[in-house]
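In: Model the following, please.
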Amino acid sequence: MKLHNFKPEHMNATADDFLGNGDIGRYVFFPGSDGRAREISEHFIGCKVKTHPRGHNLYTGTLAENNKKVEVAAISSGMGTPSLDIIINELVRLGVKRLLRVGTAGTLQPKFVKSGELVIATAAVRDEGTSKRYMPAEFPAIASYDVVLAAQAAAKKLNGLIPNVHTGIIHSKDSLYAEEFAEDSPLSKQNKEYMDVVRNSGVLASEMESSIIFILTSVFNYLSKLKNNFHDCYNPANIIKSGTICVVLGEGEDFGTPDMLKKMDQDAIRLSLQTIIELSQNEL
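Out: Residues are numbered from 1 along each chain as shown. Down below sits the predicted model:
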């Protein structure tokens, strides 16, 4: 999907910024906030920054593991599927093929998915409108299998150093206040009933971004296969892979204390960094 001479409107970047790791390109972390993107970049070697007025600042550098360097980047995605739609489209058009969301989610299963624990998403419930502009509601939003496996391997390696890690389906919604906070509105009853169905279906946690990530990955991979006339379509360099790692907040507006939130961010970042190292070891 890389487009020659494409100039993005919402980030200060060119295709050259994402070159690296052979034909695969940089592995890109995209948290919701620039603050978390900056925190991730503090783990990079030789970090460089390109700022943008909208706050989607680009951080590039490398990670090192066993004397091997992995070229990486971090950029904020903003909140909600419309913002993710813009950022992912621009990243893919610049040649990015590896995407890892590092975010937060509210627990839907407080009995066993506790605040401060981590979730690796296998798929997302498409309770939002943006992804339906690309594919009908019946089409599943599924994380890339290789990314899920890499995240699970990372969790195993970090066992005892980070909180419990859960793997499963998460929920992506349009409105934080209407659905998660259950604010009064003409649709309050319907929203609560819907969220009860999601909860009783075993969905682990609720956030606002992953469904569009997984749907766009499917869309762009098929378009890439068409462009290449299905030639060499299993070459990793021609495949976009994406995944999500979220730290779990409490129910509703219970976000936790500042110290708790700082520790949660650190745990999510630690698992995400190790996930990219594990993924790169299988690819490079």
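In: where exactly do the helices run in this protein?
Out: Using DSSP state H, the helices found in the chain span residues 34-41, 81-93, 145-157, 188-200, 210-227, 258-283.
In: any idea of the angle the second one forms with helix 210-227?
Out: Angular relation of helix 81-93 and helix 210-227 on a 0 to 180 degree scale: 30 degrees, by axes from the mean of the first three to the mean of the last three Cα atoms, to 10 degrees.
In: picking that back up, nearest to Ala124, out of the helices of the chain?
Out: For these, distance to Ala124 was read as Cβ to Cβ. The smallest value, 4.0 Å, belongs to helix 210-227. To be clear about C-beta, it is placed using only N, CA and C from the backbone, and glycine gets the same treatment.
In: circling back to that earlier point, can you say which of the helices of the chain is nearest to Gly116?
Out: Closest of the helices of the chain to Gly116 is helix 258-283, at 5.6 Å (criterion: Cβ to Cβ).
In: So what angle separates the directions of that closest one and helix 34-41?
Out: Using the same axes, to 10 degrees: helix 258-283 against helix 34-41 is 50 degrees.
In: Can you name every helix or strand that helix 258-283 contacts?
Out: strand 27-31, helix 34-41, strand 58-65, strand 68-75, strand 98-107, strand 118-127, helix 145-157, strand 241-249 (3 or more Cβ pairs under 8 Å, 6 or more residues apart in numbering; DSSP states H and E).
In: what's near enough to touch Thr51?
Out: Thr51 sits next to Asn12, Asn57 when contact means Cβ atoms under 8 Å, 6 or more residues apart in numbering.
In: what bits of the stretch 1-150 of the chain have low per-residue confidence?
Out: 1, 3-4 (pLDDT under 70).
In: How about the residue in the protein that sits furthest from its center?
Out: For the chain, the largest distance from the centre (Cα atoms, centre = their mean) belongs to Pro186, which lies 32.1 Å off.
In: Phi, psi for that residue please.
Out: Torsion angles at Pro186 (phi, psi; degrees, to the nearest 10) stand at phi -60, psi -20.
In: if we can go back for a sec, so which of the helices and strands packed on helix 258-283 gets nearest Asn191?
Out: Nearest to Asn191, of those and by Cβ to Cβ, is strand 118-127 at 10.0 Å.
In: From the chain's centroid, how far away is that closest one?
Out: 10 Å (Cα atoms, centre = their mean, to the nearest Å).
In: What of stretch 200-212?
Out: 13 Å.
In: And the residue nearest the centre of the chain, how far from Ser211?
Out: In the chain, the residue lying closest to the centroid (Cα atoms, centre = their mean) is Arg101, at 1.7 Å. From Arg101 over to Ser211 the distance is 11 Å, taken as Cβ to Cβ, to the nearest Å.
In: on that earlier part again, relative to Ser175, how far out is the residue farthest from the centre of the chain?
Out: 13 Å.
In: again with Ala64
Out: Taking Cβ to Cβ as the measure, Ala64 falls 42 Å from Ser175.
In: Among those two, which residue is more densely surrounded?
Out: Neighbour count, other Cβ atoms under 10 Å: between Ala64 and Ser175, Ser175 has more, with 16 against 11.
In: For stretch 48-58, buried residues please.
Out: Lys50, His52, Arg54, His56, Asn57, Leu58 (16 or more other Cβ atoms under 10 Å).
In: residue contacts, the fourth one?
Out: Right, His56. His10, Met11, Asp34, Ile75, Ser76, Ser77, Gly78, Ile87.
In: The fifth one against Ser41, yeah?
Out: Translated: Ser76. No. In this structure Ser76 lies outside contact range of Ser41 using Cβ atoms under 8 Å: 11.0 Å.
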